[in-house]
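> Task: produce atomic coordinates for the following.
(chains A, B, C and D)
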Number of protein chains: 2
Amino acid sequence: MNPIFHALFQKSRYLTNCLNEVLKQHNLYSSQWAILYCLHNHGPMTLTQIWKYLNVEAPSITRAITRLETLGWVLRIDGEDKREKIVALSPYAEEHLPAITKTILAFEEEMVGALTVEEQQQFIILLEKMKG
Amino acid sequence: MNPIFHALFQKSRYLTNCLNEVLKQHNLYSSQWAILYCLHNHGPMTLTQIWKYLNVEAPSITRAITRLETLGWVLRIDGEDKREKIVALSPYAEEHLPAITKTILAFEEEMVGALTVEEQQQFIILLEKMKG
DNA sequence: AGTATTTATTTAGCTAGGTAAATAAATGTT
DNA sequence: AACATTTATTTACCTAGCTAAATAAATACT
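Residues are numbered from 1 along each chain as shown, chains lettered A, B, ... in the order given. So this is what the prediction gives:
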């Protein structure tokens, strides 16, 4: 097997584990944070907007949102189109996001700090080149 | 969030999904194939050797081996040290591995073919640079 | 208007990773 | 030899992705 795949999968697992470790102090998992971050940038979104943006399937998002709702991070609001549910950050989330963002920025600096900006760009270009 | 992480996680998911798709014709999942490939290269191994090599936790391997055993791909043999179980490829696996390897090589060529050898090396170097 | 199709979300059930704790055999210590 | 510690595997249970199918609302068609 091409070592690229082994290396890529392994680093991906490793980084999500690290991210989960770091997010423990905020009682969050990395996938939950991805959603909060998404909502923070875009404002309230429908489930469909979220899963399309994050590039995962709908059921994963349904489950994550349900969890985030019971934990008090997000609110589910009925849309005008009664089929869709709009998801928004709760005041609790708004309040805590700055501290979490700080944690994340430190984490990213630690993980990716050894790479120059050019190397980071190069890395993404190479990633994109795998299967067009 | 640094786009590197988003891109990395996403490509990792995408590639495992593609790999699963391609392995369907052999009735295998990517994680199962990783173990078969490992055994093919190293010969019979203990569970501990396998999970250390693949860099995952022991319970994931226990589960996968149990599944591979009931499907007839591997055999579990008691070691001299009665605590450890030695895992070996079954004759069935030995028989089918060449065809599977062929499938995998074609898949890899498709996925990584757009990258030159230098780019592939560069990619791995950049991956390694993330968190030393 | 009534029916068929599409779209948004959810449910059920699968693989695949993780941690924590249980079990059983081997090894070390006194 | 008896007891404590370490090591290998397993079990139980969690997150997190996936597909397939169910449900419910909106839209299109005739």
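> Which of the helices or strands spans the residue lying closest to A:Glu119 once chain neighbours are set aside?
Excluding the flanking residues, the one nearest A:Glu119 by Cβ to Cβ, 6 or more residues apart in numbering or on different chains is B:Leu126, at 5.8 Å. The C-beta positions use only the backbone N, C-alpha and C, and glycine is treated the same way. If you go by DSSP states H and E, B:Leu126 is part of helix B:117-129.
> Distance from the chain centre to that helix, please.
20 Å (Cα atoms, centre = their mean, to the nearest Å).
> Run through the residues that contact the residue of chain A found nearest chain B.
Nearest to chain B in chain A, going by Cβ to the nearest Cβ, is A:Ser12, at a distance of 3.8 Å. Applying Cβ atoms under 8 Å, 6 or more residues apart in numbering or on different chains to A:Ser12 gives the contacts B:Leu8, B:Phe9, B:Ser12.
> Return the distance of it relative to DNA strand C.
Applying Cβ to the nearest atom of the strand, to the nearest Å, the value for A:Ser12 to DNA strand C is 10 Å.
> Setting aside sequence neighbours, what's the nearest residue to that residue?
That would be B:Ser12: by Cβ to Cβ, 6+ apart, it lies 3.8 Å from A:Ser12.
> distance of the one you found from B:His42?
Going from B:Ser12 to B:His42 by Cβ to Cβ, to the nearest Å gives 24 Å.
> now A:Thr116
On the measure of Cβ to Cβ, A:Thr116 and B:His42 end up 37 Å apart.
> What of A:Val22?
According to Cβ to Cβ, A:Val22 and B:His42 sit 34 Å apart.
> So between the two, which is more surrounded?
A:Val22 (19 against 11; other Cβ atoms under 10 Å in any protein chain shown).
> The more buried one against A:Phe107, yeah?
Yes - using Cβ atoms under 8 Å, A:Val22 is in contact with A:Phe107, at 4.9 Å.
> Strands along chain A, start to end?
A:45-46, A:74-78, A:85-89 (DSSP state E).
> wait, does the second one contact DNA strand C?
Yes - looking at strand A:74-78 against DNA strand C by Cβ under 7 Å from any atom of the strand, the contacts come from A:Arg76.
> quick one: contacts for the spatially most central residue of chain A?
Taking Cα atoms, centre = their mean, the centroid of chain A lies closest to A:Ala34, which sits 1.6 Å from it. Contact analysis of A:Ala34 by Cβ under 8 Å, 6+ apart lists A:Leu54, B:Met1.
> Could you do A:Leu97 as well?
A:Leu36, A:His40, A:Leu89.
> interface residues of chain A facing chain B?
A:1-5, A:7-16, A:18-19, A:34, A:37, A:55-56, A:104, A:108, A:110-112, A:114-115, A:119-120, A:122-124, A:126-132 (Cβ under 8 Å from any Cβ of the partner chain).
> and A:Leu23, what is it in contact with?
Counting by Cβ under 8 Å, 6+ apart, the residues that A:Leu23 touches are A:Tyr29, A:Ser30, A:Trp33, A:Ile100, A:Thr103.
> and the gap between the third one and DNA strand C?
Note on A:Trp33: its distance to DNA strand C, by Cβ to the nearest atom of the strand, is 16 Å.
> how much space is there between that residue and B:Cys38?
33 Å.
> neighbour count winner among these two?
Shown here are A:Trp33 and B:Cys38; by other Cβ under 10 Å, A:Trp33 has more neighbours (24 against 17).
> starting at the chain centroid, how far to stretch A:45-59?
Stretch A:45-59 sits 11 Å away from the centroid of its parent chain (Cα atoms, centre = their mean).
> Cool, thanks, talk later.
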